[in-house]
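Undergrad: please work out how this folds:
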Amino acid sequence: QVQLQESGPGLVKPSQTLSLTCTVSGGSITTKYYAWSWIRQPPGKGLEWMGVIAYDASTYYSPSLKSRTSISRDTSKNQFSLQLSSVTPEDTAVYYCARASPREYDYWGQGTQVTVSS
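TA: Alright, predicted model coming up:
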């Protein structure tokens with residue numbers, strides 16, 4: 001059973017960088033052909049795909065967030081991370097990490113609330 005767990009600060013000040021880590025257990029982040037995603041849900045809105053790092057470390061980002069987003073990984077810890085720079089209150093959301101199989105998002109973390117406020 002694959003499990004994902006998000007971790008990171010729950011409060012970030014405007015203009016700072018939001019940093020979150022997803023720790024994966026029960027499966028390796030280098031296993032073909034899975035990809036590891038960050039998805040968020042602002043209050044009262046739908047899910048927003050932010051980006052992904054694939055099993056081979058290739059990355060893809062949402063065009064609307066690409067200039068502020070970076071996804072990396074630490075294979076020794078079986079973790080992948082999100083950095084979102086220059087945050088504003090509009091970046092307040094529940095942030096999820098999820099595994100993408102070729103057909104679906106099959107495993108999700110429980111989500112972590114991040115609030116951007118001074």
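Undergrad: test my guess that T30 contacts W36.
TA: No. Using C-beta atoms under 8 Å, T30 makes no contact with W36, being 10.1 Å away. C-beta here means a position set from N, CA and C on the backbone, and glycine is covered the same way.
Undergrad: more neighbours, the two?
TA: Counted by other C-beta atoms under 10 Å, T30 and W36 do not tie: W36 has more neighbours, with 22 against 13.
Undergrad: against P42, how distant is S86?
TA: S86 is 17 Å from P42, where distance means C-beta to C-beta, to the nearest Å.
Undergrad: please apply the same query to T23.
TA: In terms of C-beta to C-beta, T23 sits 24 Å off from P42.
Undergrad: okay, and P43 sits in which element?
TA: P43 belongs to no helix or strand when elements are defined using DSSP states H and E.
Undergrad: that one is in contact with D91, isn't it?
TA: No. Contact criterion C-beta under 8 Å: P43 and D91 do not qualify, at 11.5 Å.
Undergrad: more crowded one of those two?
TA: D91 (19 against 9).
Undergrad: pLDDT at that one, what is it?
TA: D91 is assigned a predicted lDDT (pLDDT) of 98.
Undergrad: need the nearest residue in space to it, chain neighbours excluded.
TA: Residue nearest to D91 in three dimensions, not counting chain neighbours: V116, with 5.0 Å by C-beta to C-beta, 6 or more residues apart in numbering.
Undergrad: ok, N78 next?
TA: According to C-beta to C-beta, 6+ apart, the nearest residue to N78 is V24 (5.0 Å).
Undergrad: hmm, the one you found is touching S7, no?
TA: No. Using C-beta under 8 Å as the test, V24 is too far from S7 to be in contact (11.9 Å).
Undergrad: neighbour count winner among these two?
TA: It is V24, of V24 and S7, that has more neighbours when counted by other C-beta under 10 Å, with 22 against 14.
Undergrad: that one: which element?
TA: Going by DSSP H and E, V24 is in strand 18-25.
Undergrad: and that strand, what's buried?
TA: L18, S19, L20, T21, C22, T23, V24 (16 or more other C-beta atoms under 10 Å).
Undergrad: many thanks, I have nothing further to ask.
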